[in-house]
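> structure of the sequence below:
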Amino acid sequence: MAVSLLHTPEGVRDIYNGECARKLAVQDRISGVFHLYGYEDIETPTFEYFDIFNKERGSVTSQEMFKFFDRDNNTLVLRPDITPSIARCVGKYFSDQDSPVRLCYRERTFTNNTSYQGRLKEVTQTGVELIGDDGSGADGEMIAMVIDSLKAAGLKEFQVEVGQVDFFRGLTEEAGMDGETCGILRELIENKNYFGVEDLVSGRKMEAPLKELFLKLPELFGSLEEIRKIKSMVTNRRSLAAIERLEKVQAILELYGLSEYVSYDLGMLSKYR
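Numbering: from 1, shown residues only. Sure thing, here's the model as predicted:
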């Protein structure tokens, strides 16, 4: 098959003239917000050892990585994600640091997805990593920074949706669900499949209030007041702690003057547990 040297491979594109200038300007404004919050720049290699991005650490499957070999027959990959690389750097260079590590980046990532998905295979990721602080204050800081970054990019009307997967985990632990059932239920709730959730829950023995909470999960989104309405129904400590953490985050965002930009969704469940 003949290949035109004037065209790029499928899944990548040229960015030039006004579009390139606008992209760089937005990236610079967002990076400026990161620096104001005390985050320092870091750059990682474009390719690394395959094991850095294995299924426990990375966000894409092995099949979606661009893999190749070096002269010593080591398997290398073009980075599909930045976070595993940052974690490697922190383990190597910042292991003796007592205070939280704040790092920001602007790097290109590469995902070998199929052409039918309609997504680019090379994209620029701009983001931050806060390592060494897992408290509600860190949550509030990150959410506030997201909001300020979107405002710096020129957006005026938007909502940042915040979830808390520990609420779901507490309910499944209380119900004694196995991992496979949890995975099926999580997907049903994430997709707002009310009938699927009802069908799965109705076939299990559990207390009526707990069953009602599972049925409500797909619609537990909106303001924090909407979330608080079900607090009296919760009996397990883990789920209660999840709501209390959201309350602390809300209080922090109110201090930042940014709470109007945030809504909450207890049915927004990450696939990573």
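> who are the neighbours in contact with the residue lying closest to I184 once chain neighbours are set aside?
Of all residues not flanking I184 in the chain, L200 sits nearest, at 6.6 Å (C-beta to C-beta, 6 or more residues apart in numbering). Any C-beta I mention is one placed from the backbone N, CA and C, and that applies to glycine too. L200 sits next to 181, 184-185, 188 when contact means C-beta atoms under 8 Å, 6 or more residues apart in numbering.
> so which of those belong to helices?
Using DSSP state H, the subset of the contacts of L200 located in helices is 181, 184-185, 188.
> generate a ChimeraX selection restricted to the buried subset of those.
Burial among the ones in helices among the contacts of L200 is assessed by 16 or more other C-beta atoms under 10 Å; the matching ChimeraX selection reads:
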select :185,188
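> what is the nearest of the ones in helices among the contacts of L200 to F221?
L188 (15.4 Å; C-beta to C-beta).
> which helix or which strand is home to the residue nearest to the closest one when sequence neighbours are not counted?
Leaving aside its sequence neighbours, L188 sits nearest to G196 (C-beta to C-beta, 6+ apart; 4.1 Å). Using DSSP states H and E, G196 sits in helix 194-202.
> now do the next helix-or-strand element following that helix: everything it contacts.
Past helix 194-202, further along toward the C-terminus, the next helix or strand under DSSP H and E is helix 208-216. In this structure, residues lying in contact with helix 208-216 by C-beta under 8 Å, 6+ apart are 171, 174-175, 185, 194, 197-198, 201-202, 204, 230, 233-235.
> could you export those as JSON lines, including distance to S263 and pLDDT?
Shown next, in JSON lines, are these (distance: C-beta to C-beta, whole Å; pLDDT from 0 to 100):
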{"residue": "L171", "distance to S263": "21", "pLDDT": "95"}
{"residue": "E174", "distance to S263": "26", "pLDDT": "94"}
{"residue": "A175", "distance to S263": "27", "pLDDT": "93"}
{"residue": "L185", "distance to S263": "23", "pLDDT": "92"}
{"residue": "Y194", "distance to S263": "20", "pLDDT": "89"}
{"residue": "V197", "distance to S263": "21", "pLDDT": "91"}
{"residue": "E198", "distance to S263": "25", "pLDDT": "91"}
{"residue": "V201", "distance to S263": "25", "pLDDT": "89"}
{"residue": "S202", "distance to S263": "29", "pLDDT": "86"}
{"residue": "R204", "distance to S263": "30", "pLDDT": "84"}
{"residue": "I230", "distance to S263": "16", "pLDDT": "90"}
{"residue": "M233", "distance to S263": "21", "pLDDT": "90"}
{"residue": "V234", "distance to S263": "20", "pLDDT": "93"}
{"residue": "T235", "distance to S263": "26", "pLDDT": "91"}
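> thank you, goodbye.
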